[in-house]
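Novice: The sequence and its predicted three-dimensional model are supplied below.
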Amino acid sequence: QVQVVESGGGLVQPGDSLRLSCVVSASGRTVANYATAWFRQLLGKEREFVASINFNGERELYDEAVKDRFTVFRDNAKNSVDLQMNSLKADDTGTYYCAAVEFASNFEDPPSYRYWGQGTQVTVSS
């Protein structure tokens, strides 16, 4: 059984930074080679793609709205996929979800991912 657990959300002010972490485990063991993505659901909107990273960390994709502010990377020390979010804006407020799959064909498409976390709330407000 595969589990996806996100952490790191919280309340920050505009311009602040926040780092989200996602740990994928299967049968109690951490998995570090699944294609992994971050999606978010902003208030009143559908879930949207934020960023993704392939199984070995060599390919990253970003939505245009975040590509100059967010960075997705594998933290080998923690066996996690982290999302470093800088220069946060009020428009970034929402629930952030981590998703993973053994092999992804379309990194930006939610149905490409089999395993999803419960989400972590990010609120950017002054």
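Specialist: Perfect, thanks for sending it.

Novice: hey, let's count contacts and neighbours off CA atoms from now on
Specialist: Will do.

Novice: Provide a list of residues in contact with the residue lying closest to Gly57 once chain neighbours are set aside.
Specialist: Distances taken as CA to CA, 6 or more residues apart in numbering put Arg74 closest to Gly57, at 6.3 Å, once the chain neighbours are dropped. Taking CA atoms under 8 Å, 6 or more residues apart in numbering as the criterion, Arg74 is in contact with Gly57, Ser80, Val81, Asp82.

Novice: now Ser87
Specialist: Counting by CA under 8 Å, 6+ apart, Ser87 touches Pro14, Gly15, Asp16, Ser17, Arg69.

Novice: residues near the first one, how many?
Specialist: In this case it means Pro14. 17 (other CA atoms under 10 Å).

Novice: Just the buried ones from the contacts of Ser87, in PyMOL syntax?
Specialist: Selection of buried members from these for PyMOL, criterion 16 or more other CA atoms under 10 Å:
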select buried, resi 14+17
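
Novice: Which of the contacts of Ser87 sits closest to Asp91?
Specialist: For the contacts of Ser87, the residue nearest Asp91 by CA to CA is Pro14; the value is 9.5 Å.

Novice: where's that closest one relative to Glu108, distance?
Specialist: Separation of Pro14 from Glu108 (CA to CA, to the nearest Å): 26 Å.

Novice: if we can go back for a sec, now, the contacts of Ser87 that are in helices?
Specialist: Nothing among the contacts of Ser87 maps onto helices, per DSSP state H.

Novice: Return the helix or strand in the protein with minimum mean pLDDT.
Specialist: With mean pLDDT, DSSP states H and E as the measure, the helix or strand of the chain carrying the lowest mean pLDDT is strand 29-31 (a mean of 87).

Novice: How far does the next helix or strand after that strand sit from its chain's centre?
Specialist: Next helix or strand after strand 29-31 toward the C-terminus (DSSP states H and E): strand 35-42. Put simply, strand 35-42 sits 5 Å off its chain's centre (CA atoms, centre = their mean, to the nearest Å).

Novice: And for stretch 76-94?
Specialist: Relative to its chain's centre, stretch 76-94 lies at 7 Å (CA atoms, centre = their mean).

Novice: Identify the bridge partners of the residue positioned nearest the centre of the chain.
Specialist: Per CA atoms, centre = their mean, the C-alpha nearest to the average position across the chain is that of Trp38, at 2.6 Å. Counting by DSSP bridges, Trp38 forms beta bridges with Ala51, Cys98.
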